[in-house]
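Enquirer: would you be able to build a 3D model of this:
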Amino acid sequence: MSVFSRIAIGCANWGKPYGHRGVTCPRVEQEKIVAYAMSCGIDTIHTKEAYAVDLSWVPTSFAIIESDEEPNKSIYSPGDVKAVNVNYDGVVQVPYSPFNRIHEEHMVGYKDHWPILHVRSIFVQGKVFTSEEPPFRRFRQYAGQLGIPVGTLCILFCLLNPNIDKVIVGVDSVRQLRDNLRLFHRLDSFGVTDPKLIDPRTWKER
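Expert: Purely as a prediction, here's the structure:
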């Protein structure tokens, strides 16, 4: 499974300003984002009616998940999950990030009941990029020390959790998406098939 298959596009700001930064992503950027996502193997877009965005133009190869229906629209805390039918077989979506980890200890239990778990608000609606509140400022400093873009580090944190099926990434522009995913492209580029390099049985003894 490619790492990109575990990433979904969030389009909360595709119809109107949204989040901490209040940015709207114009249609021309949306089309570039979708084209780039397709080239990576990303095949899911999350939306809801309140976003007021038209996705009728998106290729049918994308799964468009509407989160207005229960249980997605009301899950913020672990207590909200109690209202979800144990036989529900759709997507259960919860907020998760390096900062909001209130669902973390419950995720194994979630997966016992619901087969598909997606996480949203991984950038805390954009606060991780610009807020001067201490946790976000320290995180940006740490990302800088590592030489990893802030968005990439948030995505990586979520992907490291094996209970998560898809990480919903909010996007302002195709450039931002490329920057956030560049590390994963680079890691993919190291793949080799030559057994002389990866199979220790072929290595000569020194």
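Enquirer: correct me, but residue 168 touches residue 45?
Expert: No. Look at residue 168 against residue 45 with C-beta atoms under 8 Å: they stay out of range, at 9.1 Å. Every residue, glycine included, has its C-beta placed from N, CA and C.
Enquirer: give me the common contacts of these two.
Expert: The overlap between the contact sets of residue 168 and residue 45 (C-beta atoms under 8 Å, 6 or more residues apart in numbering) consists of 8, 9, 10.
Enquirer: just the residues you listed now: which is nearest residue 120?
Expert: residue 10 (6.5 Å; C-beta to C-beta).
Enquirer: give the contact list for the closest one.
Expert: Shown in contact with residue 10 (C-beta under 8 Å, 6+ apart): 45, 46, 120, 168, 169, 170, 171.
Enquirer: now whichever strand or helix holds the second one: buried residues?
Expert: When you say that, I think you mean residue 46. Here residue 46, judged by DSSP states H and E, is contained in strand 44-47. Within strand 44-47, the residues that count as buried by 16 or more other C-beta atoms under 10 Å are 44, 45, 46, 47.
Enquirer: show me where the protein has its strands.
Expert: 7-10, 44-47, 63-66, 91-95, 116-120, 166-170 (DSSP state E).
Enquirer: which among the ones you listed is found nearest to residue 17?
Expert: Nearest to residue 17 among the strands of the chain is strand 166-170; the distance by C-beta to C-beta comes to 12.5 Å.
Enquirer: rewinding a little: could I get the shared contacts of residue 168 and residue 45 as CSV with distance to residue 140 and pLDDT?
Expert: Formatted as CSV, the shared contacts of residue 168 and residue 45 follow (distance: C-beta to C-beta, whole Å; pLDDT from 0 to 100):
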residue, distance to residue 140, pLDDT
8, 24, 97
9, 23, 97
10, 21, 95
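Enquirer: now those residues in a markdown table, with distance to residue 183?
Expert: Listed next are the shared contacts of residue 168 and residue 45 as a markdown table, based on distance: C-beta to C-beta, whole Å:
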| residue | distance to residue 183 |
| --- | --- |
| 8 | 18 |
| 9 | 18 |
| 10 | 19 |
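Enquirer: ok, the residues you listed vs residue 24, which is closest?
Expert: Nearest to residue 24, judged by C-beta to C-beta, of these is residue 10 at 13.8 Å.
Enquirer: could you measure from the closest one over to residue 142?
Expert: The spacing between residue 10 and residue 142, counted by C-beta to C-beta, to the nearest Å, is 24 Å.
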